[in-house]
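**Student:** my questions are about this predicted structure, shown below with the sequence.
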Amino acid sequence: MGKQLVSIIVPAYNASAFILDNLRSIKNQTYEHWECVIVNDGSTDNTREKVEMFIREDARFTLISTNNSGVSAARNTAVAHSKGYFLFPLDSDNYIHPDCLDRCVSEFERKKDIKLVYTEAMLFGAQNGLWNLP
């Protein structure tokens with residue numbers, strides 16, 4: 001299969017408090033064949049300015065600014081601008097482990113018939129610990 005491009009899509013609305021940690025977690029991926037499409041969904045804080053400064057020197061990041069239309073519209077905008085073979089949705093207040101994309105892509109390569117991969121998740125903030133998905 002080779003190194004397939006992963007498009008990480010990040011909708012962001014008033015995400016100033018979290019967005020830099022989010023972007024750092026993306027930039028620190030061991031799997032380096034990715035792009036990140038961030039949609040600033042009409043934020044009224046300084047989310048756009050923080051993102052612009054962070055992504056200035058890494059062409060794998062793209063910022064699109066729109067009027068506030070909600071998270072679904074922001075995700076759809078990001079998908080429409082994505083070029084990847086795989087999509088990886090990531091909320092602006094979440095972070096990913098440095099090996100996350102490597103592990104996900106490896107699963108797709110190992111099991112050719114699967115269509116979706118998801119990972120374990122850890123809660124942080126108001127709650128802590130493993131997030132038990134059904």
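**Tutor:** Structure received.
**Student:** pLDDT weak spots in this protein?
**Tutor:** Applying pLDDT under 70 to the chain flags the ranges 1-2, 121-124, 133-134.
**Student:** just the terminal-to-terminal distance for stretch 81-101.
**Tutor:** 20 Å (C-alpha to C-alpha, to the nearest Å).
**Student:** next one: it to chain centre, how far?
**Tutor:** 3 Å (C-alpha atoms, centre = their mean, to the nearest Å).
**Student:** what's it in contact with?
**Tutor:** 4-13, 15, 17-19, 21-22, 24-26, 28-31, 34-35, 37-38, 47, 62, 64, 75, 79, 104-105, 108, 119 (C-beta atoms under 8 Å, 6 or more residues apart in numbering). Heads up, the C-betas are built off the backbone N, CA and C, glycines and all.
**Student:** show me where the chain has helices.
**Tutor:** For the chain, the helices defined by DSSP state H cover 19-27, 47-55, 71-80, 100-110.
**Student:** can you redo these as CSV with mean neighbour count and distance to L130?
**Tutor:** CSV is the format used below for the helices of the chain (neighbours: other C-beta atoms under 10 Å; distance: least, C-beta to C-beta, whole Å):
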stretch, mean neighbour count, distance to L130
helix 19-27, 18, 18
helix 47-55, 18, 29
helix 71-80, 16, 25
helix 100-110, 16, 15
